[in-house]
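> I'd like to go over a predicted model; first the sequence, then the structure.
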Amino acid sequence: APEAVIRGKATEALAAIDSALRYYEGFRDAPGSWWADLALLKVNTLVALGRDREAEPLADSVARMASDPEVVRGARVHLATSLMRKGDFENAVKTFDAVLKEAKREDTLAAAAMNKGHSHLALKQPEPALLAYLEIPVFYPEQRVLIPGAQLGAGRAYFGLLDLERAKATLKDLIAKYPTTPDAKEAQTELEKIARYEKALQAPGT
């Protein structure tokens, strides 16, 4: 499913996950059931597609119904995005930091790092945001579905630090490697912002 999202086939990926979820729905609490893991996979996929609002109710269900503490921690990451939407970025960062200290699953750790980066960026703190985003390709490279978003965040953080060359290189690399992702479209918008900023710098009197 994550590979399908990267290739621009999100609809097919979600359909496959939903089919598997329906199979396990009737015995989701039974030993050996994959319901909670599949539900968390769907949450991560929706978030990677920028569909956080759709992910939140499912994350809430996972947090309430899953028996595995690691799965619950994964759900907590996405429930904290509601704090981000309310503008409570500082408390959101505290949640992500707690998960990063406690969790062992790579998908949970990567998601926490990603959202921590988003929160720092919203707080206009590009340096800690960049460090959070860079954790994903360095420490969790298997979480490929999050790498385009991490590159987009890193590009924005570099721009916030006024490291324009690294910002442009990062965003162009994202577009080249993951052209069919929603992040690639946003990366193009960021490149246009950088171009306008550079033009303004070259204007007489600046």
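All right, it came through fine.
> for the residue nearest to the spatial centre of the chain, what are its contacts?
By CA atoms, centre = their mean, the chain has its centre lying nearest to residue 114, at 4.8 Å. Residue 114 is in contact with 132-133, 136, 146, 149-150, 153, counting by CB atoms under 8 Å, 6 or more residues apart in numbering. (Glycine included, C-beta is placed from N, CA and C.)
> most neighbours among those residues, which one is it?
residue 133 (30 neighbours; other CB atoms under 10 Å).
> tell me which element that one falls in.
helix 126-139 (DSSP states H and E).
> follow-up on the earlier one: list the buried ones in the host helix or strand of the residue nearest to the centre of the chain?
Per DSSP H and E: residue 114 is located in helix 106-122. Buried residues in helix 106-122, defined by neighbour count with 16 or more other CB atoms under 10 Å: 107-121.
> and of those residues, the nearest to residue 93?
residue 119 (4.8 Å; CB to CB).
> nearest spatial neighbour of that closest one, skipping sequence neighbours?
Using CB to CB, 6 or more residues apart in numbering and skipping residues adjacent in sequence, the residue nearest residue 119 is residue 89, 4.2 Å away.
> tell me who's in contact with the one you found.
83, 119-120, 122-123.
> next one, pLDDT for residue 206 please.
pLDDT for residue 206: 55.
> how about residue 8: what's its closest non-neighbour residue?
Nearest non-adjacent residue to residue 8, counting by CB to CB, 6+ apart: residue 180, 2.8 Å away.
> was I right about that neighbour contacting residue 10?
No: judged on CB atoms under 8 Å, residue 180 makes no contact with residue 10 at a distance of 9.3 Å.
> still on that earlier bit, just checking, next helix/strand downstream of the helix holding residue 133?
helix 147-160.
> who are the packing partners of that following helix?
Judged by 3 or more CB pairs under 8 Å, 6 or more residues apart in numbering; DSSP states H and E, the packing partners of helix 147-160 are helix 106-122, helix 126-139, helix 164-177, helix 182-202.
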